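K.L.:
All I have is the shape, not the residue letters:
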(Lines give C-alpha, C1' and ligand atoms only; values in the text may rest on other atoms or scores of the structure.)
Protein backbone atom coordinates (compact mmCIF):
# COMPACT_ATOMS: atom_id res chain seq x y z
CA UNK A 1 0.00 0.00 0.00
CA UNK A 2 1.22 3.50 -0.80
CA UNK A 3 1.61 5.37 2.46
CA UNK A 4 0.53 8.55 0.65
CA UNK A 5 -2.97 7.06 0.40
CA UNK A 6 -3.03 7.03 4.22
CA UNK A 7 -1.94 10.68 4.47
CA UNK A 8 1.87 10.38 4.51
CA UNK A 9 3.66 13.58 3.51
CA UNK A 10 7.07 15.35 3.39
CA UNK A 11 6.89 16.62 6.99
CA UNK A 12 6.45 13.09 8.29
CA UNK A 13 9.29 11.91 6.06
CA UNK A 14 11.58 14.56 7.53
CA UNK A 15 10.59 13.62 11.10
CA UNK A 16 11.30 9.95 10.40
CA UNK A 17 14.69 10.67 8.82
CA UNK A 18 15.72 12.74 11.86
CA UNK A 19 14.59 9.94 14.16
CA UNK A 20 16.40 7.29 12.11
CA UNK A 21 19.67 9.24 12.05
CA UNK A 22 19.66 9.37 15.86
CA UNK A 23 18.71 5.72 16.41
CA UNK A 24 20.72 2.51 15.98
CA UNK A 25 17.49 0.68 15.12
CA UNK A 26 16.13 0.03 11.65
CA UNK A 27 12.85 1.96 11.74
CA UNK A 28 9.88 1.53 9.40
CA UNK A 29 6.99 4.01 9.20
CA UNK A 30 3.37 3.00 9.55
CA UNK A 31 -0.02 4.32 10.59
CA UNK A 32 -2.09 2.91 13.46
CA UNK A 33 -5.35 1.82 11.82
CA UNK A 34 -6.97 -0.18 14.63
CA UNK A 35 -6.95 -0.29 18.41
CA UNK A 36 -8.80 -2.97 20.36
CA UNK A 37 -8.22 -4.02 23.97
CA UNK A 38 -4.77 -2.48 23.97
CA UNK A 39 -3.67 -4.18 20.75
CA UNK A 40 -2.62 -1.98 17.84
CA UNK A 41 -2.73 -2.77 14.14
CA UNK A 42 -0.27 -0.75 12.08
CA UNK A 43 -0.34 -0.48 8.30
CA UNK A 44 3.06 -0.12 6.64
CA UNK A 45 3.86 0.07 2.94
CA UNK A 46 4.56 -3.66 3.06
CA UNK A 47 1.73 -5.14 5.14
CA UNK A 48 -0.46 -4.89 8.22
CA UNK A 49 1.29 -5.69 11.52
CA UNK A 50 0.06 -6.34 15.02
CA UNK A 51 2.23 -4.14 17.23
CA UNK A 52 2.89 -3.52 20.89
CA UNK A 53 4.45 -0.43 22.40
CA UNK A 54 8.11 -0.78 23.29
CA UNK A 55 8.87 -0.70 27.01
CA UNK A 56 11.26 2.22 26.56
CA UNK A 57 8.47 4.37 25.07
CA UNK A 58 6.08 3.38 27.86
CA UNK A 59 8.69 4.21 30.48
CA UNK A 60 9.67 7.57 29.00
CA UNK A 61 6.12 8.75 28.20
CA UNK A 62 5.41 11.99 30.04
CA UNK A 63 1.67 11.34 30.00
CA UNK A 64 -1.20 9.75 28.10
CA UNK A 65 -0.68 12.14 25.17
CA UNK A 66 2.76 10.63 24.46
CA UNK A 67 1.34 7.15 23.79
CA UNK A 68 0.05 5.88 20.42
CA UNK A 69 -3.57 5.87 19.35
CA UNK A 70 -5.59 5.31 16.18
CA UNK A 71 -4.47 7.65 13.41
CA UNK A 72 -0.93 8.06 14.73
CA UNK A 73 2.06 7.77 12.44
CA UNK A 74 4.65 5.64 14.20
CA UNK A 75 8.14 4.19 13.77
CA UNK A 76 8.39 0.41 14.08
CA UNK A 77 11.01 -2.28 14.33
CA UNK A 78 9.76 -5.31 12.44
CA UNK A 79 9.84 -8.96 13.59
CA UNK A 80 12.09 -11.46 11.85
CA UNK A 81 9.10 -13.74 11.22
CA UNK A 82 5.40 -13.53 11.90
CA UNK A 83 5.60 -12.06 15.39
CA UNK A 84 4.55 -8.64 16.65
CA UNK A 85 6.22 -5.44 15.57
CA UNK A 86 7.59 -3.10 18.24
CA UNK A 87 6.34 0.47 18.23
CA UNK A 88 9.39 2.56 19.06
CA UNK A 89 8.19 6.15 18.58
CA UNK A 90 5.17 8.30 17.78
CA UNK A 91 5.86 10.79 14.99
CA UNK A 92 4.78 14.44 15.49
CA UNK A 93 1.01 14.92 15.32
CA UNK A 94 -0.94 17.69 13.65
CA UNK A 95 -4.01 17.08 15.83
CA UNK A 96 -5.11 14.90 18.73
CA UNK A 97 -8.45 14.27 20.43
CA UNK A 98 -8.36 13.60 24.18
CA UNK A 99 -11.11 13.41 26.77
CA UNK A 100 -11.06 12.92 30.52
CA UNK A 101 -11.51 9.26 31.38
CA UNK A 102 -15.06 8.62 32.57
CA UNK A 103 -15.18 8.50 36.37
CA UNK A 104 -11.62 9.83 36.79
CA UNK A 105 -10.25 13.25 37.69
CA UNK A 106 -6.67 12.57 36.68
CA UNK A 107 -6.72 10.14 33.73
CA UNK A 108 -7.12 11.10 30.09
CA UNK A 109 -8.21 8.91 27.20
CA UNK A 110 -6.82 9.26 23.70
CA UNK A 111 -9.50 9.03 21.02
CA UNK A 112 -7.68 9.70 17.74
CA UNK A 113 -4.77 11.57 16.17
CA UNK A 114 -3.75 13.20 12.88
CA UNK A 115 -7.14 14.16 11.49
CA UNK A 116 -8.27 17.23 9.60
CA UNK A 117 -11.91 17.44 10.64
CA UNK A 118 -13.95 16.35 13.67
CA UNK A 119 -17.49 15.30 12.79
CA UNK A 120 -19.68 15.87 15.85
CA UNK A 121 -22.67 13.59 15.29
CA UNK A 122 -25.94 14.35 17.10
CA UNK A 123 -29.18 12.52 16.38
CA UNK A 124 -32.36 14.46 15.66
CA UNK A 125 -34.41 12.15 17.86
CA UNK A 126 -35.39 12.18 21.52
CA UNK A 127 -31.75 12.25 22.63
CA UNK A 128 -30.94 15.61 20.95
CA UNK A 129 -29.04 17.77 23.46
CA UNK A 130 -27.64 21.24 22.54
CA UNK A 131 -25.57 21.39 25.75
CA UNK A 132 -23.78 18.18 24.77
CA UNK A 133 -22.97 19.71 21.39
CA UNK A 134 -21.44 22.75 23.10
CA UNK A 135 -19.25 20.50 25.23
CA UNK A 136 -18.20 18.46 22.20
CA UNK A 137 -17.28 21.65 20.36
CA UNK A 138 -14.94 22.65 23.19
CA UNK A 139 -13.18 19.27 22.92
CA UNK A 140 -13.06 19.45 19.12
CA UNK A 141 -11.63 22.98 18.95
CA UNK A 142 -8.83 22.00 21.33
CA UNK A 143 -7.84 19.09 19.07
CA UNK A 144 -6.36 21.38 16.43
CA UNK A 145 -8.77 20.31 13.68
CA UNK A 146 -11.93 21.85 12.21
CA UNK A 147 -15.25 20.80 13.78
CA UNK A 148 -18.33 20.06 11.68
CA UNK A 149 -21.70 19.23 13.28
CA UNK A 150 -23.67 16.43 11.62
CA UNK A 151 -27.35 16.29 12.61
CA UNK A 152 -28.14 12.69 11.80
CA UNK A 153 -31.55 11.06 11.39
CA UNK A 154 -32.83 14.22 9.68
CA UNK A 155 -35.48 12.08 7.97
CA UNK A 156 -37.05 11.40 11.39
CA UNK A 157 -37.55 15.06 12.32
CA UNK A 158 -40.44 17.07 10.95
CA UNK A 159 -38.46 20.33 10.96
CA UNK A 160 -34.77 19.52 10.64
CA UNK A 161 -34.14 23.02 9.29
CA UNK A 162 -35.15 24.58 12.62
CA UNK A 163 -32.72 22.30 14.46
CA UNK A 164 -29.95 23.30 12.06
CA UNK A 165 -30.54 26.99 12.80
CA UNK A 166 -30.64 26.26 16.54
CA UNK A 167 -27.23 24.58 16.42
CA UNK A 168 -25.78 27.28 14.18
CA UNK A 169 -26.73 29.83 16.82
CA UNK A 170 -24.67 28.02 19.47
CA UNK A 171 -21.81 27.15 17.10
CA UNK A 172 -20.80 30.41 15.37
CA UNK A 173 -18.64 29.80 12.31
CA UNK A 174 -19.11 26.01 12.41
CA UNK A 175 -20.67 24.12 9.50
CA UNK A 176 -23.89 22.36 10.53
CA UNK A 177 -25.17 19.70 8.14
CA UNK A 178 -28.45 17.74 8.30
CA UNK A 179 -27.77 14.11 7.48
CA UNK A 180 -29.75 10.99 6.74
CA UNK A 181 -27.82 7.79 6.20
CA UNK A 182 -31.12 6.13 5.23
CA UNK A 183 -32.00 8.49 2.36
CA UNK A 184 -28.43 9.52 1.54
CA UNK A 185 -29.06 13.22 2.23
CA UNK A 186 -25.86 14.97 3.28
CA UNK A 187 -23.48 12.13 2.38
CA UNK A 188 -21.90 14.04 -0.50
CA UNK A 189 -21.23 17.00 1.80
CA UNK A 190 -19.39 14.66 4.18
CA UNK A 191 -17.35 13.16 1.33
CA UNK A 192 -16.47 16.65 0.10
CA UNK A 193 -14.84 17.39 3.47
CA UNK A 194 -12.69 14.25 3.16
CA UNK A 195 -10.73 14.55 -0.10
CA UNK A 196 -8.12 11.84 -0.85
CA UNK A 197 -5.47 11.63 1.88
CA UNK A 198 -7.47 13.68 4.40
CA UNK A 199 -8.75 12.18 7.64
CA UNK A 200 -11.91 12.76 9.65
CA UNK A 201 -12.98 11.41 13.04
CA UNK A 202 -16.51 10.73 14.27
CA UNK A 203 -17.47 11.83 17.77
CA UNK A 204 -20.88 11.23 19.32
CA UNK A 205 -22.98 9.16 21.68
CA UNK A 206 -24.07 5.60 21.04
CA UNK A 207 -27.14 5.37 18.82
CA UNK A 208 -26.63 8.58 16.82
CA UNK A 209 -25.84 6.64 13.65
CA UNK A 210 -22.03 6.75 13.38
CA UNK A 211 -21.66 3.11 12.32
CA UNK A 212 -24.48 3.46 9.79
CA UNK A 213 -22.76 6.53 8.37
CA UNK A 214 -19.46 4.64 8.04
CA UNK A 215 -21.23 1.81 6.21
CA UNK A 216 -22.81 4.24 3.75
CA UNK A 217 -19.49 5.96 3.07
CA UNK A 218 -17.75 2.58 2.67
CA UNK A 219 -20.59 1.46 0.37
CA UNK A 220 -20.79 -1.86 2.22
CA UNK A 221 -22.15 -3.17 5.51
CA UNK A 222 -18.81 -3.39 7.31
CA UNK A 223 -19.94 -2.40 10.82
CA UNK A 224 -22.77 -3.88 12.89
CA UNK A 225 -25.59 -1.50 13.79
CA UNK A 226 -28.44 -1.52 16.31
CA UNK A 227 -31.49 0.60 16.84
CA UNK A 228 -31.86 2.73 19.96
CA UNK A 229 -33.68 1.30 22.96
CA UNK A 230 -37.36 2.11 22.75
CA UNK A 231 -37.84 2.38 26.52
CA UNK A 232 -35.39 5.26 27.03
CA UNK A 233 -34.41 6.29 23.49
CA UNK A 234 -30.72 5.67 24.23
CA UNK A 235 -28.22 4.02 21.96
CA UNK A 236 -26.45 0.74 22.55
CA UNK A 237 -22.74 0.24 21.98
CA UNK A 238 -22.18 -1.68 18.74
CA UNK A 239 -18.61 -0.57 18.02
CA UNK A 240 -16.12 -1.87 20.60
CA UNK A 241 -12.85 -0.72 19.03
CA UNK A 242 -11.40 2.28 17.22
CA UNK A 243 -10.56 1.93 13.55
CA UNK A 244 -9.39 4.02 10.62
CA UNK A 245 -11.14 3.28 7.33
CA UNK A 246 -9.94 4.09 3.82
CA UNK A 247 -13.05 5.18 1.94
CA UNK A 248 -13.62 4.29 -1.75
CA UNK A 249 -13.10 7.89 -2.91
CA UNK A 250 -9.75 8.15 -1.09
CA UNK A 251 -10.69 9.95 2.13
CA UNK A 252 -10.10 8.41 5.54
CA UNK A 253 -12.43 8.18 8.53
CA UNK A 254 -11.88 7.13 12.16
CA UNK A 255 -14.78 5.61 14.10
CA UNK A 256 -14.96 4.25 17.63
CA UNK A 257 -17.32 3.46 20.51
CA UNK A 258 -19.95 6.02 21.38
CA UNK A 259 -18.93 8.61 23.95
CA UNK A 260 -21.74 9.80 26.20
CA UNK A 261 -19.54 11.60 28.73
CA UNK A 262 -17.03 14.07 27.28
CA UNK A 263 -15.00 15.20 30.25
CA UNK A 264 -12.74 18.18 29.53
CA UNK A 265 -9.01 17.50 29.36
CA UNK A 266 -7.09 20.76 29.04
CA UNK A 267 -9.72 22.46 26.86
CA UNK A 268 -9.30 26.08 28.00
CA UNK A 269 -8.68 27.25 24.43
CA UNK A 270 -11.45 24.98 23.17
CA UNK A 271 -13.98 26.46 25.61
CA UNK A 272 -12.98 29.95 24.54
CA UNK A 273 -13.51 29.13 20.87
CA UNK A 274 -16.79 27.28 21.49
CA UNK A 275 -18.14 30.29 23.42
CA UNK A 276 -16.42 33.17 21.64
CA UNK A 277 -19.76 34.98 21.35
CA UNK A 278 -20.15 35.00 25.16
CA UNK A 279 -16.54 36.12 25.62
CA UNK A 280 -17.04 38.93 23.09
CA UNK A 281 -20.02 40.14 25.12
CA UNK A 282 -18.05 39.86 28.37
CA UNK A 283 -15.47 42.28 26.97
CA UNK A 284 -18.17 44.96 27.20
CA UNK A 285 -18.85 44.43 30.91
CA UNK A 286 -18.08 47.37 33.22
CA UNK A 287 -15.85 45.23 35.45
CA UNK A 288 -13.10 42.99 34.07
CA UNK A 289 -13.82 40.34 36.74
CA UNK A 290 -17.58 40.40 36.17
CA UNK A 291 -19.24 37.10 37.05
CA UNK A 292 -22.36 37.90 35.02
CA UNK A 293 -24.65 37.60 38.02
CA UNK A 294 -25.98 40.88 39.46
CA UNK A 295 -23.02 43.17 38.80
CA UNK A 296 -23.94 46.62 37.40
CA UNK A 297 -23.02 47.21 33.79
CA UNK A 298 -22.93 43.51 32.87
CA UNK A 299 -23.18 43.27 29.08
CA UNK A 300 -23.79 39.52 29.21
CA UNK A 301 -26.77 39.80 31.56
CA UNK A 302 -28.18 42.54 29.35
CA UNK A 303 -28.14 40.17 26.36
CA UNK A 304 -29.79 37.40 28.39
CA UNK A 305 -32.53 39.74 29.61
CA UNK A 306 -33.07 40.99 26.08
CA UNK A 307 -33.52 37.41 24.87
CA UNK A 308 -30.55 37.50 22.52
CA UNK A 309 -28.49 35.04 24.58
CA UNK A 310 -30.08 32.02 26.23
CA UNK A 311 -29.65 31.48 29.94
CA UNK A 312 -28.94 27.81 29.20
CA UNK A 313 -25.97 28.70 26.99
CA UNK A 314 -24.55 31.04 29.63
CA UNK A 315 -25.05 28.39 32.34
CA UNK A 316 -23.24 25.79 30.25
CA UNK A 317 -20.37 28.19 29.55
CA UNK A 318 -19.93 28.83 33.27
CA UNK A 319 -20.22 25.11 34.04
CA UNK A 320 -17.45 24.24 31.57
CA UNK A 321 -15.27 27.04 32.93
CA UNK A 322 -15.69 25.67 36.46
CA UNK A 323 -14.91 22.16 35.25
CA UNK A 324 -11.79 23.38 33.47
CA UNK A 325 -10.63 25.33 36.53
CA UNK A 326 -11.24 22.28 38.74
CA UNK A 327 -9.12 20.09 36.53
CA UNK A 328 -6.33 22.67 36.46
CA UNK A 329 -6.29 22.61 40.24
CA UNK A 330 -6.06 18.82 40.17
CA UNK A 331 -3.02 18.68 37.88
CA UNK A 332 -1.23 21.97 38.44
CA UNK A 333 0.75 22.72 41.59
CA UNK A 334 0.70 26.52 41.08
CA UNK A 335 -3.02 26.40 40.33
CA UNK A 336 -3.66 24.41 43.50
CA UNK A 337 -1.70 26.92 45.55
CA UNK A 338 -3.55 29.83 43.95
CA UNK A 339 -6.89 28.14 44.66
CA UNK A 340 -5.95 27.58 48.32
CA UNK A 341 -4.76 31.19 48.62
CA UNK A 342 -8.04 32.46 47.17
CA UNK A 343 -10.01 30.21 49.53
CA UNK A 344 -8.03 31.55 52.53
CA UNK A 345 -8.71 35.12 51.41
CA UNK A 346 -12.44 34.41 51.11
CA UNK A 347 -12.45 32.83 54.59
CA UNK A 348 -10.60 35.79 56.08
CA UNK A 349 -12.95 38.26 54.40
CA UNK A 350 -15.98 36.39 55.73
CA UNK A 351 -14.42 36.38 59.21
CA UNK A 352 -13.77 40.13 59.10
CA UNK A 353 -17.35 40.79 57.96
CA UNK A 354 -18.72 38.71 60.82
CA UNK A 355 -16.58 40.64 63.35
CA UNK A 356 -17.76 43.96 61.89
CA UNK A 357 -21.40 42.94 62.22
CA UNK A 358 -20.90 41.91 65.87
CA UNK A 359 -19.53 45.34 66.67
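P.N.:
Done, it's in. It should be emphasised that the depicted structure is a prediction, and the values quoted were computed from it without experimental measurement. Numbering: from 1, shown residues only.

K.L.:
do you know how far residue 74 is from residue 255?
P.N.:
Between residue 74 and residue 255 the computed distance is 20 Å (Cβ to Cβ, to the nearest Å). Every C-beta, even on glycine, is put in place using the N, C-alpha and C of the backbone.

K.L.:
wait, residue 142
P.N.:
Residue 142 sits 20 Å away from residue 255, going by Cβ to Cβ.

K.L.:
do residue 111 as well
P.N.:
Residue 111 sits at a distance of 11 Å from residue 255 (criterion: Cβ to Cβ).

K.L.:
what does residue 11 give?
P.N.:
Using Cβ to Cβ, one gets 26 Å for the distance from residue 11 to residue 255.

K.L.:
between these two, who's got more neighbours?
P.N.:
residue 255 (28 against 12; other Cβ atoms under 10 Å).

K.L.:
Look at that one and report its pLDDT.
P.N.:
If you check residue 255, the pLDDT there is 93.

K.L.:
Then the one 10 residues further on?
P.N.:
Reading off the per-residue confidence, residue 265 sits at a pLDDT of 41.

K.L.:
what are the ranges of the strands in the chain?
P.N.:
Assigned strands in the chain, in chain order: 28-36, 39-43, 48-53, 73-77, 85-90, 96-100, 108-113, 117-123, 146-152, 175-178, 199-203, 242-246, 252-255 (criterion: DSSP state E).

K.L.:
Off-centre distance for the longest one?
P.N.:
Once both centres are worked out by Cα atoms, centre = their mean, to the nearest Å, strand 28-36 turns out to sit 20 Å from its chain's centre.

K.L.:
can you check the fourth one too?
P.N.:
On the basis of Cα atoms, centre = their mean, strand 73-77 is displaced by 24 Å from the centre of the chain it belongs to.

K.L.:
any residues touching it, and which ones?
P.N.:
When contacts are defined by Cβ atoms under 8 Å, 6 or more residues apart in numbering, strand 73-77 is touched by residues 7-8, 12, 16, 19-20, 25-32, 42, 44, 49, 51, 54, 68, 85-91, 114.

K.L.:
likewise the longest one?
P.N.:
For strand 28-36, the surrounding residues in contact (Cβ under 8 Å, 6+ apart) are 3, 6-8, 12, 16, 40-46, 48-49, 51, 68-78, 85, 91, 114, 240-244.

K.L.:
Now do the contacts for the nearest residue to residue 133 once chain neighbours are set aside.
P.N.:
Using Cβ to Cβ, 6 or more residues apart in numbering and skipping the chain neighbours, the partner closest in space to residue 133 is residue 122 (5.6 Å). Going by Cβ under 8 Å, 6+ apart, residue 122 touches 128-129, 132-133, 149-152, 167, 204-205, 208.

K.L.:
10 Å instead?
P.N.:
With Cβ atoms under 10 Å, 6 or more residues apart in numbering as the criterion, the residues that contact residue 122 are 128-130, 132-133, 136, 149-153, 163, 167, 176, 179, 203-205, 208-209.

K.L.:
Turn the buried ones among those residues into a named ChimeraX selection, would you?
P.N.:
Buried residues among those (16 or more other Cβ atoms under 10 Å), as a ChimeraX selection:
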select :128,130,132,133,136,149,150,151,152,153,163,167,176,179,203,204,205,208,209
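
K.L.:
So which of the contacts of residue 122 are in helices?
P.N.:
130, 132-133, 136, 163, 167 (DSSP state H).

K.L.:
Between all of these, which two are separated the most?
P.N.:
The most widely separated members of the ones in helices among the contacts of residue 122 are 136 and 163, with 15.6 Å between them, by Cβ to Cβ.

K.L.:
Show the model's pLDDT score for residue 14.
P.N.:
As predicted, residue 14 sits at a pLDDT of 97.

K.L.:
Just list the residues touching it, thanks.
P.N.:
Residues counted as contacts of residue 14 (Cβ under 10 Å, 6+ apart) are 91-92.
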